[in-house]
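**Q** mind looking at a prediction? Sequence and model below.
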Amino acid sequence: MDRGLASEKNVQFLRAGGRRYILGTAKNSLRKFERELLSADWKQVHEGLEVRLVPALDGEEVFILCRSAERQAKEQAMHERFEKRIEEGLVKITASCSKRRQKAGAVERRVGRLLERNTRAARLFNVQVQVDAQGFTQLRWTKVGELAGVVGRAGVKAATCCAAT
């Protein structure tokens, strides 16, 4: 079943009828598999494609984790693109602050929109808007690190499967 159809109501319907199913799981559910994602006992099914079966705690479902080297490379490139967009945007905003007097609120909104458009890399940046003694708005920012978890979760997809009976 496609991720778009994987509502709680549809899953309850499948369970109630004793049906067997495989459905795509939302990517944000990967957080609960952090330990399994980092384990070494993945099974290679094709070149560049590995899977791992993880039984649910209740024993009624099995999660199939799949990771792809190709998908990981694609996601890494996407993250780097978001990171670059933020850096370029912050440089542009900083330059505009040095050219003319700007209201702090306007600068904060510009920064907010920039980070919102590039949320995948936004947590890498510490951004502060300050007003100096002369009333000029200044933008101070630092890059706080690399994307943690990209290696651990990039290229990974999860599917839920009913337990074999």
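**A** Cool, got the structure.

**Q** tell me the secondary structure for the residue of the chain most remote from its centre?
**A** Here the chain reaches farthest from its C-alpha mean at Gln134, the gap being 40.6 Å by C-alpha atoms, centre = their mean. Of the three states, Gln134 takes coil according to DSSP: H, G, I helix; E, B strand; the rest coil.

**Q** ok, it to Arg101 distance?
**A** 9 Å (C-beta to C-beta, to the nearest Å). Quick note: C-beta positions are derived from backbone N, CA and C, even for glycine.

**Q** just Ala56 next, same as before
**A** From Ala56 over to Arg101 (counting by C-beta to C-beta), the distance is 58 Å.

**Q** tell me which of those two has more neighbours.
**A** Shown here are Ala56 and Arg101; by other C-beta atoms under 10 Å, Ala56 has more neighbours (13 against 10).

**Q** the more buried one is in contact with Val62, isn't it?
**A** Yes - between Ala56 and Val62 there is a contact under C-beta atoms under 8 Å: 6.8 Å.

**Q** quick check, Glu50 in a strand?
**A** Yes - the assignment for Glu50 (three-state DSSP) places it in a strand.

**Q** quick one: contacts for it?
**A** 42-44, 66-68 (C-beta atoms under 8 Å, 6 or more residues apart in numbering).
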